[in-house]
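Peer 1: Sequence and predicted structure below; questions after.
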Amino acid sequence: MGFFIVLSLLPFFPFLLVYWGMMVWKKDKAIALRAAMDVTTFFLIFSVSALFNLTFDSNFGFYLTLILILIALGFIGGAQNRLKGKVDGGRMFRAVWRMSFVMMSFGYVLFTLFGLFRYIMNQM
């Protein structure tokens, strides 16, 4: 459990570990990058949720993250249904998962900087 907590607090470590491991195994940068993004998203969800909770003194961060992911699944699924007449669940989930990586990375940086700023201001 402690190792999971460390990886959630520092989500760039799983990214680097998976990227390096896939580069050694597959020797393809694109595959390594996608695999690293997919694994890191899982840790980013918990990390950003915890940072949200700390920043806003809340317990709603994890639920808000899940709600946003479910809304994104609905939007992507609706767009697929309108464009193609059917929903490809695998493609829909992959698109939302990778979009979540980008948004959670942005949220991680934003909440970390905001938390550091808040800490510095409280120390003055």
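Peer 2: Yes, it's here.

Peer 1: Just want to check the distance between residue 72 and residue 11.
Peer 2: Per Cβ to Cβ, to the nearest Å, residue 72 is found 19 Å from residue 11. All C-beta spots, glycine's among them, are computed from the backbone N, C-alpha and C.

Peer 1: So which of those two has more stuff around it?
Peer 2: residue 11 (23 against 17; other Cβ atoms under 10 Å).

Peer 1: Report the contact partners of the more buried one.
Peer 2: Neighbouring residues of residue 11 by Cβ atoms under 8 Å, 6 or more residues apart in numbering: 40, 43, 44, 47, 108.

Peer 1: quick one: which of those is nearest residue 59?
Peer 2: Taking Cβ to Cβ as the measure, residue 59 lies nearest residue 47 of the contacts of residue 11, at 15.8 Å.

Peer 1: Flag every buried residue along the host helix or strand of that closest one.
Peer 2: Per DSSP states H and E, residue 47 falls inside helix 29-56. By neighbour count on 16 or more other Cβ atoms under 10 Å, the buried set for helix 29-56 is 32, 34-37, 39-53.

Peer 1: Of all the residues in the next helix or strand after that helix, which ones are buried?
Peer 2: Next in sequence after helix 29-56, counting helices and strands by DSSP H and E, comes helix 61-84. Neighbour-count burial for helix 61-84, with 16+ other Cβ under 10 Å as criterion, is recorded at 61, 65, 69, 72, 73, 76, 77, 80.
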